[in-house]
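>>> prediction below, plus the sequence it came from.
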Amino acid sequence: MRNALPVLTVLLAIMAIWYAAVAPMNIRVALDQAQRGGAVLQPATALERQEVSVWSLMLRNPAQIKDAYAMERPRLPTPGQVAVELWNTTGDMALSGRAMSKRSLIYHGWITLQSTLWGFALGTTLGILGAVAIVYSRVVDMSLMPWAIISQTVPIVALAPMIIVVASQLGISDRTVPKAIISAYLCYFPVLVGMVKGLRSPAHAQLDLLKTYNASGFQAFLKLRLPASVPYLFTSLKVGIAAALVGTIVGELPTGAISGLGARILIGDQFGTPLAIWAALVAAAVLAGALVTLLDLAQRVTLKRMGMQA
Amino acid sequence: MIRPPAASQYCGQQETTDVTTQPAISAPVISAKGLDLTFQTGDGPVHALRDVSLDINRGDFVSFIGPSGCGKTTFLRVMADLEQPTAGQITVNGTSPEAARKARAYGYVFQAAGLYPWRTIGGNIRLPLEIMGYSRADQDERVKRVMELVELGGFEKKYPWQLSGGMQQRASIARALAFDADLLLMDEPFGALDEIVRDHLNEQLLKLWERTNKTICFVTHSIPEAVYLSTKIVVMSPRPGRITDVIDSPLPRARPLEIRDSPEFIEIAHRVRDGLRAGHAYDD
């Protein structure tokens, strides 16, 4: 609970800035709507208002500021509006038994979560295997590591559509597969780097000690390198799962996806409903937070069981 | 064992050992002849060992003393097959260091205890036994026995971070003893500990040596430690790393701490100090 206060302080500050930003962001549209409703405004027409800054619009039309906080399709919704939208598309639908309806964020979150977990599993496996290969083979270290770094400089938004097209060319109709691949592409790298560091963490004297026992390479791996890498592994898993979620959402953006949080964001953009975008965004953030927290918990339990607390 | 103190540049005992035959009971445990070791570095070659010859007999407690860079640790690592000499011969138990290592002929204690933080003290001592494939029951019995030997009974389930530095080092000695190697190679095992703990551990180590009748090679920086523990003191000096004096200690095997105030003790310590100073003279 000691950690809660600073976090809550930052959260409150973000909320305050957010609320303050709503009025200037929405005032133009709010005034246009008020004009259609017959209100007398300064300046009177939308064309004239184009020339005036939002700050002076707010000063000259104070009565319309409150409209900016209660719009149907706001440019920037208030946190309260986002919360209501989020509740309407999650908890409320769950209570009325429509949790898996196509309009429910629980349904879309579940679609995204599935791809994320597949991608995470795939990326983590590749990352760990790659790290073992890099640590044990100089040739692999010199040939694979530069490519691993280059792979992360390629923008994933450019790569994602290609992966989806190639997957459909190969006759993979299930969208989960290309999404998981994109997700794994982002997720394997932190795991690879963390595990290389972890597997190389034992000191020289530790390896010398095993040599005096005439231990085999496999015994050294199993008894020294692998356990020594566990704290590094968990740290990179936490980075990896967040990256996997981002990868999945990016994979849901292009070419006609209709389900998943990424698709919700795209549809919200195309149909001009920012509230839907914001709700999907918050849902994605909550999902990421939950996944990272779960891994953090697993880390604590594992390290405690291994006796590595100090 | 009555020998005159070796006054020559190198070790006085030049017993002839036939390397090809099995070692007899009286054959030296370690026999080095004309050992050279040169490291190639960016700044040119570093002569870690130059023409080092020494015989170590069964049951000896041999200390290697000298300033940093004199090759004492390198010599120990050559015995352990952790470094390869560039010239000369060395045998351990009558075989090559590599064969001795593969036969698990020695236990090695490093300067840092190096216990695995994810294993209990018992688990750490069990490590070599697991690697060497001892049965579970045998492991349990050995762990219990060596923990008693280093007076750590009852700490089996504790983790390393719950123990003091001195206790951790005792655990690492127990780990080296667990598989009953007759030879114990110790590289400044008490170097990082304070004087009081060090005295106590020295006393315990002597008792342990007496009880187990092992051959011990012990690298140290400390003159009192070397004189107190050893039956043979090897004084070394740097650039190039070489042996400058070998002192066979006239002190009895049973040594109470008070022996350090006796005239014999002070005389040996004096000779060691002289040897160290002579090796250092042209250095600065």
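Okay, I see it.
>>> can you give me the neighbour number for residue 70?
If you meant another chain, say so; for now it's chain A. 12 (other C-beta atoms under 10 Å in any protein chain shown). C-beta: built from backbone N, CA, C; applies to glycine.
>>> wait, I meant chain B there
27.
>>> A strand includes it, no?
No. If the criterion is DSSP: H, G, I helix; E, B strand; the rest coil, then residue B:70 is coil and not within a strand.
>>> who's in contact with it?
By C-beta atoms under 8 Å, 6 or more residues apart in numbering or on different chains, the contact list for residue B:70 reads B:236-238, B:241-242, B:279.
>>> show me what from chain A comes close to chain B.
With C-beta under 8 Å from any C-beta of the partner chain as the criterion, chain A comes near chain B at residues A:203, A:205-206, A:208-215, A:219, A:223-224, A:227-228, A:230, A:306-310.
>>> can you do 7 Å?
Proximity of chain A to chain B, by C-beta under 7 Å from any C-beta of the partner chain, involves residues A:205-206, A:208-209, A:211-215, A:219, A:223, A:227, A:306-308, A:310.
>>> by neighbours, which of the contacts of residue B:70 wins?
That'd be residue B:236 among those, by other C-beta under 10 Å, with 26 neighbours.
>>> which residues touch that one?
B:64-66, B:70-72, B:242-244 (C-beta atoms under 7 Å, 6 or more residues apart in numbering or on different chains).
>>> export stretch A:297-310 to PDB, keeping only CA atoms.
What follows is stretch A:297-310, C-alpha atoms only, in PDB (Å, rounded to 0.1, in the frame of the first residue of the first chain):
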ATOM      1  CA  LEU A 297       3.300 -12.500  -9.000                       C
ATOM      2  CA  ALA A 298       4.800 -15.700 -10.600                       C
ATOM      3  CA  GLN A 299       8.300 -14.100 -10.300                       C
ATOM      4  CA  ARG A 300       7.800 -13.400  -6.600                       C
ATOM      5  CA  VAL A 301       6.600 -16.900  -5.900                       C
ATOM      6  CA  THR A 302       9.300 -18.600  -8.000                       C
ATOM      7  CA  LEU A 303      12.200 -16.600  -6.500                       C
ATOM      8  CA  LYS A 304      10.900 -17.100  -3.000                       C
ATOM      9  CA  ARG A 305      10.700 -20.800  -3.600                       C
ATOM     10  CA  MET A 306      14.200 -20.800  -5.000                       C
ATOM     11  CA  GLY A 307      15.400 -19.000  -1.800                       C
ATOM     12  CA  MET A 308      16.600 -16.000  -3.700                       C
ATOM     13  CA  GLN A 309      15.300 -13.100  -1.600                       C
ATOM     14  CA  ALA A 310      17.600 -10.600   0.000                       C
END
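>>> compute the mean per-residue pLDDT across it, please.
Mean pLDDT, computed over stretch A:297-310, is 84.
>>> residues of that stretch that come out buried?
A:299, A:303, A:306-308 (16 or more other C-beta atoms under 10 Å in any protein chain shown).
>>> count the neighbours of the residue in the stretch 51-200 of chain A that chain B sits nearest to for me.
Distances between the stretch 51-200 of chain A and chain B by C-beta to the nearest C-beta are smallest at residue A:198, namely 12.6 Å. By other C-beta under 10 Å, 24 other residues sit near residue A:198.
>>> so it: helix, strand or coil?
helix.
>>> mind listing what it touches?
A:228-229, A:232-233.
>>> and it, what pLDDT?
pLDDT, read off for residue A:198, is 95.
>>> also the one 5 residues further on?
Confidence at residue A:203, expressed as pLDDT, is 89.
>>> could you find the closest non-adjacent residue to it?
Leaving aside its sequence neighbours, residue A:203 sits nearest to residue B:114 (C-beta to C-beta, 6 or more residues apart in numbering or on different chains; 7.2 Å).
>>> residue B:110 too?
Nearest one to residue B:110, counting by C-beta to C-beta, 6+ apart, is residue A:205 at 4.9 Å.
>>> in contact with the one you found, which residues?
B:110, B:112, B:114.
>>> what domains does the record give for chain A?
Recorded structural domains for chain A (assignment: automatic domain parsing) are A:4-76, A:105-305.
>>> what's the most buried one of those?
Of all the domains of chain A, domain A:105-305 carries the top mean neighbour count, a mean of 18, counting by mean count of other C-beta atoms under 10 Å in any protein chain shown.
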